[in-house]
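> When you get a sec, could you give me coordinates for this:
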Amino acid sequence: MRKSHEIAADLNARMASLQAETDAAKREALAAEVENLTHELRDAQIEEQAQRALLNQRVLSPEEKKELKRFSITKFLREAASGNLTGFEAEMNEEARKELVGSGRSLEGVGIPAILMGVDFAQKRTGDYNNATDTGYGPEFKAITEWSYIEALKNAMVAAKAGARFIPGMQGNARIVKGGAASASWLTEESAASATKLAYTTVDMTPKRLQILAGYTMDLLKQSALPVERLIWDEIISAHAQSLDAAIFNGTGSSGQPTGILAAANVNSIAVGTNGGAITWAKLVQMETEVAADNGLFGSLAYVTNSKVAGDMKTIAKASNTAVFLMENGSANGYPVHVSNMIPSNLTKGSSSGVCSAAIFGNFNEVLVPQWGGLDFIVDPYSAKAKAVIEVTALAYHDVCVRRPAAFCKIVDLTTAA
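Residues are numbered from 1 along each chain as shown. Sure thing, here's the model as predicted:
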């Protein structure tokens, strides 16, 4: 892939030529080149941001990776509650502080760095389960101890399964170019074409704070068994994934939220009826057609909707007396269907008040989810001390960028049987 500055130079030259050109055929060819270069520039900028994010993360030696597996979330939270981190957990807190400073932020509590979130944890404490071959004496624990936070987070996110791109390790704001459509016109002989100034905008990805709440008893945090460690991580990961999915699909763009697909400007939209209506085969195909008309029918294409609509799709026939339903074997119209209850079911259309659901179709590779730093923990041992519960608030910094809204189509007035 060419560098963004090389593409930008070509783009500027083609734009200058387009504005000066009077021949209709040449203008049409130049307009197509300008549009292609704009898409190439955008993709190059995203790729360079991702590469910078990877470079900003420390390159770990095998010895360092082995060392990172010593980290214990139970010890970390237990000591944070007493205000006295020690040993390796204290080292990771210092690493997290440095990491956030590089992103222009500061720790509000104690933290774990992004380098820890990307480590594959396996047999973290040798000797806990040292028999990895005999059934009943160790291998059962292997599957629950080999994982990384980031990979587990992506696996738990419906949007990531659909193809959204997760970019950890960001530093500073990221800016990408979005180009307006180029225009061309047919002219009679000796007619002069009018110069057209193409509109180009930029989109900034900036860190927005995501808050994850949990509570753990002191008795639980005193345990050091691997299943307890994984239980705590799983709870945090699950809440983290649900919140990111909610932002990707339904973020409002206000009150600190990113702008998700349903709220993004210029997403294709079709309606079912004055008061909404049930999903049909024709509407599923129309969603695909809208995206195809904008040359967006490539990449990671999928439908995403909630469980109510998905339930209807399993019982509504494509045509009468066929016994072939809208969704079969997890797909519809030749594309996978992902189900998330982060897709709203309380929308209003006409007299259908608060009961309408949404559905999205499109290329989910066009959704970017950057993350700045690791996790920032505020550990409160006081608010629920009578119950011996430690309240934990984990802060993560993300944004959502729907970089090509025309690659999506939405319906927001689906009524369902349930």
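
> all contacts plus neighbour counts: C-alpha atoms, from now on.
OK.

> Pairing partners for D380 in the sheet, please.
Beta bridges link D380 to E391, judged by DSSP bridges.

> Give me the distance between Y382 and V101.
Look at Y382 and V101: by CA to CA, to the nearest Å, they are 28 Å apart.

> State the distance from the residue lying closest to G299 once chain neighbours are set aside to G163.
In this structure, G299 finds its nearest non-sequential neighbour in N363, 5.5 Å apart by CA to CA, 6 or more residues apart in numbering. As judged by CA to CA, N363 and G163 stand 8 Å apart.

> So between the two, which is more surrounded?
N363 (25 against 19; other CA atoms under 10 Å).

> circling back to that earlier point, ok, the residue nearest to G299 - contacts?
G163, G296, L297, F298, G299, S300, L301, A302, A407, F408 (CA atoms under 8 Å, 6 or more residues apart in numbering).

> Scan these and report the most crowded one.
F408 (31 neighbours).

> For the closest residue to that residue other than its chain neighbours, pull up the helix or strand it's in.
Leaving aside its chain neighbours, F408 sits nearest to G362 (4.1 Å; criterion: CA to CA, 6+ apart). Element membership for G362 (DSSP states H and E) is strand 352-363.

> now swap in Y216 and tell me
Here Y216 is assigned to strand 208-217, by DSSP H and E.

> Show me what that strand is packed up against.
helix 226-250, strand 389-398 (3 or more CA pairs under 8 Å, 6 or more residues apart in numbering; DSSP states H and E).

> Relative to K66, which of those is closest?
Ranking these by proximity to K66 (CA to CA) places helix 226-250 first, at 16.3 Å.

> what does that closest one rub up against?
Looking at what lies outside helix 226-250 - CA under 8 Å, 6+ apart - the contacts are 72-74, 141, 144-145, 149, 152-154, 156-159, 210, 212, 214, 220, 257-263, 342-344, 367, 400.

> Pull out the buried residues from that helix.
By neighbour count, with 16 or more other CA atoms under 10 Å as the criterion, the buried positions of helix 226-250 are 226, 228-230, 232, 234, 236-250.

> between it and strand 389-398, what angle do the directions make?
50 degrees (axes from the mean of the first three to the mean of the last three CA atoms, to 10 degrees).

> Enumerate every residue touching A302.
With CA under 8 Å, 6+ apart, A302 has these contacts: A162, Y335, P336, V337, H338, F361, G362, N363, F364.

> roughly how far out does the strand holding G362 sit from the chain middle?
19 Å (CA atoms, centre = their mean, to the nearest Å).

> now do stretch 266-275
24 Å.

> residues making contact with it?
By CA under 8 Å, 6+ apart, stretch 266-275 touches 261, 278-279, 283, 287, 290-291, 349-352, 405-414.

> try 10 Å
Applying CA atoms under 10 Å, 6 or more residues apart in numbering, the external contacts of stretch 266-275 come out as 261-262, 277-280, 283, 286-287, 290-291, 294, 348-353, 356, 360-362, 402, 404-415.

> Got a quick ChimeraX command for the buried subset of those residues?
What follows is the ChimeraX syntax for the buried subset of the contacts of stretch 266-275, where burial is set by 16+ other CA under 10 Å:
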select :261,262,277,278,279,280,287,290,291,348,349,352,356,360,361,362,402,404,405,406,407,408,409,410,411,412,413,414,415
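
> Was I right to think V304 contacts P344?
No: V304 sits out of contact with P344 when judged by CA atoms under 10 Å, with a separation of 11.2 Å.

> okay, those two: which has more neighbours?
Between V304 and P344, V304 has the larger neighbour count (other CA under 10 Å), namely 27 against 20.

> So the more buried one: helix, strand or coil?
Counting by DSSP: H, G, I helix; E, B strand; the rest coil, the backbone at V304 sits in strand.

> In space, what's closest to it - neighbours in sequence excluded?
H338 (4.7 Å).

> Let me know the secondary structure of the one you found.
Per three-state DSSP, H338 ends up strand.

> I figured it was touching A159, is that so?
Yes: the criterion here is CA under 10 Å, and H338 meets it with A159 at 8.3 Å.
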